[in-house]
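Enquirer: return atomic coordinates for the entry below.
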Amino acid sequence: MITGASRGIGAELARRFSAQGARVGLIARDEGALAAVRDTLTGASHAVCADVSDSAALGSAIDEIADALGPVSVLVNNGGHGHWEAVVDTDESAFRRVMEVNYLGAVNAARHVLPGMLERGRGHIINIGSIAGRIGAPFEAAYSATKFAVVGFSEALAVEVAGTGVDVSMIHPGPVDTDFANGRNRPVPRGTPRPVPVAAVADAVMATLRRPRRNRYVPAWLGLAVAARAIVPAAHRFGTARMFTAERHRLRQRLGHDTKSRLDNER
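Expert: Okay, here's the model as predicted:
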């Protein structure tokens, strides 16, 4: 079962699973796009239109898929919503919406399939995270916070179910070459990783299914960046500040001269 299955990573995974003979359940909000993906699949599939932030609708969708295809053995929590904006410009509703989709959507899907997985003694929950969930991303605070939350949830759940036959894994891509990334409405700062192909993220998911791993980074070198953040935090802060110099400067210009001076002194 794949959430966010109507495009990008979710659609690519649906096609790959189907080509390998799996029964594929698809969940997404866009009914037309979801039907288009379903029509490309060669094997058994069932698609349900639902918003993952609506726990009741999500639960009904999962139950409908299980009735049609059988118990969920693999859950890929891919449904997500981005938000790129300075904190000072972001209202509460935006923080709430992105948390309900990215974090609670993943949590509620996992909670719904987990009892059956534990009863059967097998299953795999794969949460599609982001490097922004391991390294705080300036001007993406609302989004970044949700992915940090998914990391904490995944790590805790993985320990709870260890030895039961249920695996919990996370995939942490950098920017991915999809419409999701194009929704930034701002240039990608110099020095950030180049967008990775959707196929590379799908490759990581398939590799994780064959050989479960708690964390997998796409590209792999991003794991070194996470380690560097822990080992040399001052260098990490300096590098991040340099990477976002232009955006920070524009923000301080908007906030006024006095605020700009104070921020310069604090740095």
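Enquirer: what stretches of the chain score poorly on pLDDT?
Expert: For the chain, the stretches flagged by pLDDT under 70 are 178-193, 257-267.
Enquirer: just checking, what packs against the longest strand anywhere in it?
Expert: In the chain, with assignment by DSSP state E, the single longest strand is strand 166-173. Applying 3 or more C-beta pairs under 8 Å, 6 or more residues apart in numbering; DSSP states H and E, we find strand 166-173 packed against helix 105-120, strand 123-128, helix 141-160, helix 198-210, strand 215-218. From N, CA and C alone the C-beta is placed, and that goes for glycine too.
Enquirer: quick one: contacts of the fourth one?
Expert: What that stands for is helix 198-210. 8-9, 12-13, 16, 74, 76, 124, 126, 128, 169, 171, 173, 176-178, 216, 218-219 (C-beta atoms under 8 Å, 6 or more residues apart in numbering).
Enquirer: do a quick rundown of the strands in the chain.
Expert: Under DSSP E, the chain gives strands at 2-3, 24-28, 45-49, 74-77, 123-128, 166-173, 215-218.
Enquirer: Pro138: which of the ones you listed is closest?
Expert: When these are compared by C-beta to C-beta, strand 166-173 sits nearest Pro138, at 17.8 Å.
Enquirer: and the angle for that closest one with helix 105-120?
Expert: If you take axes from the mean of the first three to the mean of the last three C-alpha atoms, to 10 degrees, strand 166-173 sits at 150 degrees to helix 105-120.
Enquirer: okay, now the sheet partners of strand 166-173, with direction.
Expert: strand 123-128 (parallel), strand 215-218 (parallel) (DSSP bridges).
Enquirer: out of the ones you listed, which is the most enclosed?
Expert: strand 123-128 (a mean of 24; mean count of other C-beta atoms under 10 Å).
Enquirer: if we can go back for a sec, return the members of the contacts of helix 198-210 classed as buried.
Expert: 8-9, 12-13, 16, 74, 76, 124, 126, 128, 169, 171, 173, 176-178, 216, 218 (16 or more other C-beta atoms under 10 Å).
Enquirer: report the contact partners of the nearest residue to Ala66 once chain neighbours are set aside.
Expert: Nearest non-adjacent residue to Ala66, counting by C-beta to C-beta, 6 or more residues apart in numbering: Val72, 6.0 Å away. With contact set as C-beta under 8 Å, 6+ apart, Val72 has these partners: 1, 25, 62, 65-66, 113, 116-117, 123.
Enquirer: can you do 10 Å?
Expert: Applying C-beta atoms under 10 Å, 6 or more residues apart in numbering, we find Val72 in contact with 1, 23, 25, 62, 65-66, 109, 112-114, 116-117, 123-125.
Enquirer: show me which of the residues you listed is closest to Ile135.
Expert: Ile125 (23.1 Å).
Enquirer: could the strands paired with strand 166-173 go into TSV alongside distance to Thr40?
Expert: As requested, the strands paired with strand 166-173 are exported to TSV (distance: least, C-beta to C-beta, whole Å):
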stretch	distance to Thr40
strand 123-128	20
strand 215-218	23
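Enquirer: closest one to Ile135 among those?
Expert: It is, among the strands paired with strand 166-173 and with distance given as C-beta to C-beta, strand 215-218, at 10.9 Å.
Enquirer: outside of the closest one, which residues touch it?
Expert: Outside strand 215-218, the residues that reach it (C-beta under 10 Å, 6+ apart) are 126, 128-129, 131, 134, 151, 154-155, 158, 169-174, 176, 193, 196-197, 200-205, 207-208, 222-226.
Enquirer: which of those residues are buried?
Expert: 126, 128-129, 131, 134, 151, 154, 158, 169-174, 176, 196, 200-205, 208, 222-223, 225-226.
Enquirer: hang on, the earlier thing: most widely separated two among the contacts of Val72?
Expert: Most distant of those, by C-beta to C-beta, are Arg23 and Leu114, 19.3 Å apart.
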